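I need the structure of the sequence given here:
(3 chains)
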Amino acid sequence: MDDKTVDEIFTRALSTPTLFTNKTVLRPDYVPSRLPFRQAQVTALGEALAPVLRGFIPSNLLLYGKTGTGKTAVTRRVLTPLGQRTTHTTVPVSVAYSNTRMAGTEYRVLAELATALSLRVPFTGLAVTELFHRILLRIAEVKSHVIVVLDEIDFLVKNYGDETLYDFTRAGEKLSDGHISLIGISNDLKFKELLDPRVLSGLNEEEIMFPPYTADQLKTILTERAQSAFLDGTVTDAAISLCAALAASEHGDARRAVDLLRVCGEVAQREGARHVDESHVRAAMQRIEQDRMVDALKSLPLHQKLVLVAAVFSHSNSSTGELYDDYMALCRRAGSEPLTQRRVSALLTELDLLGLLSVRVVSQGRYGRTKKVNPLVSADFVTEILAPDPSVGGLLVHWPTK
DNA sequence: CGTCCACAGGAATGACGGGCGG
DNA sequence: CCGCCCGTCATTCCTGTGGACG
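From the prediction side, this is the model:
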């Protein structure tokens, strides 16, 4: 690519009319300087952690609320300035954050925490307990007060139990130098029931609730964001109201609301529209949903794709047994060894969780108990997305539509 | 009212590729 | 290089079960 082409690209980018003035404020990780309707939580968290600046030990905390209710934003908002002040404190304070669901496994959670403490650890290869031990050694070595933030902590407990959590709450006693404070962030309100009482009492010294945003509150939030993100007056009030209403109907999730606002702006811009209105919001809803499906579909392992293909081409309400037969036929054509029915049953459940299939368990009395499966995506859609896939694309060319 | 279908879904176990420390 | 541990995906074996049929 020569300089002229690059120049043209930039010129075009500059000359294309834009609706946006500052798109970064619509990014999911953007934390605004003011968090509307969360002042109480900011204050509570700030006051709970303030003692650490004077060398005292703050309580462990649990933050509760559904997704998109501002838990992570409030935590960032409070911890970032805290981290900046700690150079003047008597005891060094550091913050180690991990989103346990993003991390995926217990090991990777600990690895992230270690990295946050400038401790280099291998990607894999160590025992979890060994990794934990190294983190404690590190903390003792730097004599630091570490605030460990475990985001989506319910994920960790559901999949790996509360042992690590227990170790964390106990760690303070083992350490002669340094200390650990825990901040647990949970999306699940029933999370406490999963915990061993000993762990709960250690972790839940103080708790902060995050109620869902109402439609009105979301509207205020979106209006504020729209003012800094878009050119004045480009987003209609009706569009913002609709974004707010749609997000409010799905648990008052601000992240989704802002996401929706960003995408509908993009839709409008691509259309060359001068204003963002309700039609763009509806189009954005569909686009977000479709993108999610495409991503989910593409990243499926081979056999899960085959199971999905069997399901979307089969008649409605097909049972596990029927689908298993279809699936085995597909495997034969693909020249691939079929998995067991047990495994296929589990794959069906996973596809349900991904929103690609609807699976419900029904009992037909004398005729047994099975899953009834209905596709949530069309056969054409699946064909289109998977056609370029070398492993299954060929199977879709002349698949008989029954 | 018991039987029995056609599976559900938990638990244990293992194969595999990757990566460590010694 | 070995022995160990990891996560992931799978198998095998198993017990459990809602409700139509007889």
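
Any stretches of the stretch 51-200 of chain A with poor pLDDT?
A:85-90, A:121-126, A:159, A:161, A:172-176, A:194 (pLDDT under 70).

Please enumerate the helices of it.
For the stretch 51-200 of chain A, applying DSSP state H, counting those that start in this stretch gives helices covering A:71-85, A:100-103, A:106-116, A:128-142, A:153-160, A:163-174, A:197-203.

who touches A:Ile221 in this structure?
Shown in contact with A:Ile221 (Cβ atoms under 8 Å, 6 or more residues apart in numbering): A:36-37, A:213, A:254, A:257-258. From N, CA and C alone the C-beta is placed, and that goes for glycine too.

7 Å instead?
By Cβ atoms under 7 Å, 6 or more residues apart in numbering, the contact set of A:Ile221 is A:36, A:213, A:254, A:257.

Separate out the buried members of those residues.
Neighbour-count burial (16 or more other Cβ atoms under 10 Å) is assigned, among these, to A:213, A:254, A:257.

quick one: which of those residues sit in strands?
Using DSSP state E, the subset of the buried ones among the contacts of A:Ile221 located in strands is empty.

Would you check how far apart A:Lys192 and DNA strand B are?
21 Å (Cβ to the nearest atom of the strand, to the nearest Å).

ok, now A:Leu165?
Separation of A:Leu165 from DNA strand B (Cβ to the nearest atom of the strand): 20 Å.

Excluding sequence neighbours, find me the nearest residue to that residue.
Spatial nearest neighbour of A:Leu165, excluding adjacent residues (Cβ to Cβ, 6 or more residues apart in numbering): A:Val199 at 5.2 Å.

Just the contacts of A:Ile221: which are in helices?
Among these, DSSP state H puts A:254, A:257 in helices.

A:Arg138: which of the buried ones among the contacts of A:Ile221 is nearest?
Set against A:Arg138, the nearest of the buried ones among the contacts of A:Ile221 by Cβ to Cβ is A:Ala254 (35.7 Å).

dump the residue contacts of that closest one.
Residues near A:Ala254 by Cβ under 7 Å, 6+ apart: A:68-70, A:213, A:218, A:221.

and the residue nearest to A:Leu165, what does it touch?
A:162, A:165-166, A:169.

ok, so of those, who is nearest DNA strand B?
Set against DNA strand B, the nearest of the contacts of A:Val199 by Cβ to the nearest atom of the strand is A:Asp162 (15.8 Å).

you'd agree that closest one is up against A:Asp196?
Yes: using Cβ atoms under 7 Å, A:Asp162 makes contact with A:Asp196 at a distance of 5.5 Å.

Could you show which parts of the stretch 301-402 of chain A are in contact with DNA strand C?
Taking Cβ under 7 Å from any atom of the strand as the contact definition, the stretch 301-402 of chain A meets DNA strand C at A:301, A:303-304, A:338-340, A:342-343, A:346-347, A:363-369.

What's the PyMOL syntax to select whichever of the residues you listed are buried?
The PyMOL selection below is limited to those of these classed as buried (16+ other Cβ under 10 Å):
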select buried, chain A and resi 303+304+338+339+347
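
Just the ones of the residues of the stretch 301-402 of chain A next to DNA strand C in helices?
A:303-304, A:342-343, A:346-347.

can you pull the pLDDT of the residue in chain A positioned nearest to DNA strand B?
Nearest residue of chain A to DNA strand B, counting by Cβ to the nearest atom of the strand: A:Gly368, 1.7 Å away. For A:Gly368, the pLDDT comes out at 91.

For it, grab phi and psi.
For A:Gly368, the backbone dihedrals (degrees, to the nearest 10) come out as phi 80, psi -180.

so what's A:Ile185 up against?
A:63, A:71-72, A:75, A:149-153 are the contacts of A:Ile185 under Cβ under 7 Å, 6+ apart.

what's the answer for A:Thr21, then?
A:Thr21 makes contacts with A:229-231, as judged by Cβ under 7 Å, 6+ apart.

Mind doing that once more with 8 Å?
A:228-231.

show me where chain A has strands.
Under DSSP E, chain A gives strands at A:61-65, A:93-99, A:145-151, A:179-186, A:206-210, A:318-319, A:357-363, A:369-375.

mind giving me CSV with these and columns for distance to A:Val128?
CSV is the format used below for the strands of chain A (distance: least, Cβ to Cβ, whole Å):
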stretch, distance to A:Val128
strand A:61-65, 23
strand A:93-99, 14
strand A:145-151, 15
strand A:179-186, 17
strand A:206-210, 27
strand A:318-319, 40
strand A:357-363, 33
strand A:369-375, 35
